[in-house]
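Novice: Sequence plus the predicted model coming up.
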Amino acid sequence: MTAKLEGIPRVPRGKRLLGNDRERVREIVSVVYKSNPNVSIRDISEATGRSFGFIHELLIEAGVELRSRGGSYALQKGAGD
């Protein structure tokens, strides 16, 4: 696990997140996703122990603009030079 993902709480599978708990996890996930262009939804999913779809849903609820698939174009462009 990268240092960028160490602050993300693990959420047991099957546990329903409601109210303040859901808001707290949604805030943490959205901050991590927005502030780290190299962190994908799948990375966050693995770190929390929740599904890709659940993390995607939290990001949508938070109003986060999702990146396109495949990561940052600028990062890909620099790799081949």
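Specialist: Okay, I see it.
Novice: which helix is the longest one in this structure?
Specialist: helix 19-35 (DSSP state H).
Novice: Who are the packing partners of it?
Specialist: Identification of packing neighbours for helix 19-35 by 3 or more C-beta pairs under 8 Å, 6 or more residues apart in numbering; DSSP states H and E yields helix 41-48, helix 52-61. To be clear about C-beta, it is placed using only N, CA and C from the backbone, and glycine gets the same treatment.
Novice: ok, how many other residues are close to S35?
Specialist: Per other C-beta atoms under 10 Å, the neighbour tally for S35 reads 9.
Novice: what's near enough to touch P12?
Specialist: G49 (C-beta atoms under 8 Å, 6 or more residues apart in numbering).
Novice: Need the phi and psi values for it.
Specialist: For P12, the backbone dihedrals (degrees, to the nearest 10) come out as phi -60, psi 140.
Novice: Just the pLDDT for it.
Specialist: Per-residue pLDDT puts P12 at 80.
Novice: how far away is it from N38?
Specialist: 27 Å (C-beta to C-beta, to the nearest Å).
Novice: for K15, same thing?
Specialist: In this view, K15 and N38 are 28 Å apart by C-beta to C-beta.
Novice: now do V11
Specialist: For V11 relative to N38 (C-beta to C-beta), the value is 22 Å.
Novice: Please apply the same query to L66.
Specialist: According to C-beta to C-beta, L66 stands 15 Å off from N38.
Novice: which intervals of the chain have sub-threshold pLDDT?
Specialist: 1-3, 70-81 (pLDDT under 70).
Novice: Tell me what angle the longest helix of the chain forms with helix 52-61.
Specialist: Interaxial angle, helix 19-35 versus helix 52-61 (axes from the mean of the first three to the mean of the last three C-alpha atoms, to 10 degrees): 90 degrees.
Novice: Now helix 19-35: buried residues?
Specialist: 25-26, 28-30, 32-33 (16 or more other C-beta atoms under 10 Å).
Novice: mind putting those in TSV, distance to A47 included?
Specialist: Formatted as TSV, those follow (distance: C-beta to C-beta, whole Å):
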residue	distance to A47
V25	12
R26	15
I28	10
V29	9
S30	14
V32	8
Y33	11
